[in-house]
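sequence unknown, structure follows:
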């Protein structure tokens, strides 16, 4: 049998993202939004349509791995990572997100409120980027997803707990059952993180009215 070796090297590639709003000193709230598995950036940013009021800037990066959902004739979808060569995929999206973050925060007022938002697979994506780069932020909104269990949060309690942390989930979410929820709560407690749970009637989704109720006003506390 031939003996082969696996190799890695970095190549330039084109990343894709969406924006809603125009960067300026008038922006009061900046949102960096990570979509879920099988979504596109366009499919999550449209949830923020009413945020386009001159006070918010929404930026939605898109996962670097695209595929056809349900076969070669399915809709084009994206993923942040898979289990294959996962560490390299994580490094790639961490660097992409951080470049986007640095580009747009540099265009805004130093007093802008920075909101980091992740849905489903985007929850782990946000957390992995944050734990790699430790960006400045004011509010972390995690929606229908769980924290990565291979990271140590205890040394970074101050980084998280000095900001606002919220976790949203539908009461009928098909992926967050009692077993997953109990594990998640225990893991959060073990890591010493403080967050507020927000529940709504619904499944694995982001209802616009729920999002707008809590976060449309940039100065309103959720």
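Sure, I can see it. Because the structure is predicted, anything quoted here is derived from the model rather than measured.

What pairs with the lowest-mean-pLDDT helix or strand in the chain, parallel or antiparallel?
In the chain, the helix or strand scored least confidently by mean pLDDT, DSSP states H and E is strand 65-68, which has a mean of 75. Each strand paired with strand 65-68, and its direction, by DSSP bridges: strand 76-79 (antiparallel).

Pull out the buried residues from the very next helix or strand once past the partner strand.
Next helix or strand after strand 76-79 toward the C-terminus (DSSP states H and E): helix 86-105. For helix 86-105, burial by neighbour count (16 or more other Cβ atoms under 10 Å) applies to 89-90, 92-94, 96-97, 100-101, 104-105. For every residue, glycine as well, the C-beta is placed using N, CA and C.

quick revisit: and the least confident helix or strand of the chain, how far out from the chain middle?
Offset of strand 65-68 from its chain centre (Cα atoms, centre = their mean, to the nearest Å): 18 Å.

Pipe the buried residues of helix 86-105 into JSON lines and attach pLDDT and distance to residue 133 per row.
Shown next, in JSON lines, are those (pLDDT from 0 to 100; distance: Cβ to Cβ, whole Å):
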{"residue": "89", "pLDDT": "85", "distance to residue 133": "16"}
{"residue": "90", "pLDDT": "85", "distance to residue 133": "12"}
{"residue": "92", "pLDDT": "89", "distance to residue 133": "14"}
{"residue": "93", "pLDDT": "89", "distance to residue 133": "12"}
{"residue": "94", "pLDDT": "94", "distance to residue 133": "7"}
{"residue": "96", "pLDDT": "94", "distance to residue 133": "11"}
{"residue": "97", "pLDDT": "97", "distance to residue 133": "8"}
{"residue": "100", "pLDDT": "97", "distance to residue 133": "12"}
{"residue": "101", "pLDDT": "98", "distance to residue 133": "8"}
{"residue": "104", "pLDDT": "98", "distance to residue 133": "15"}
{"residue": "105", "pLDDT": "97", "distance to residue 133": "12"}
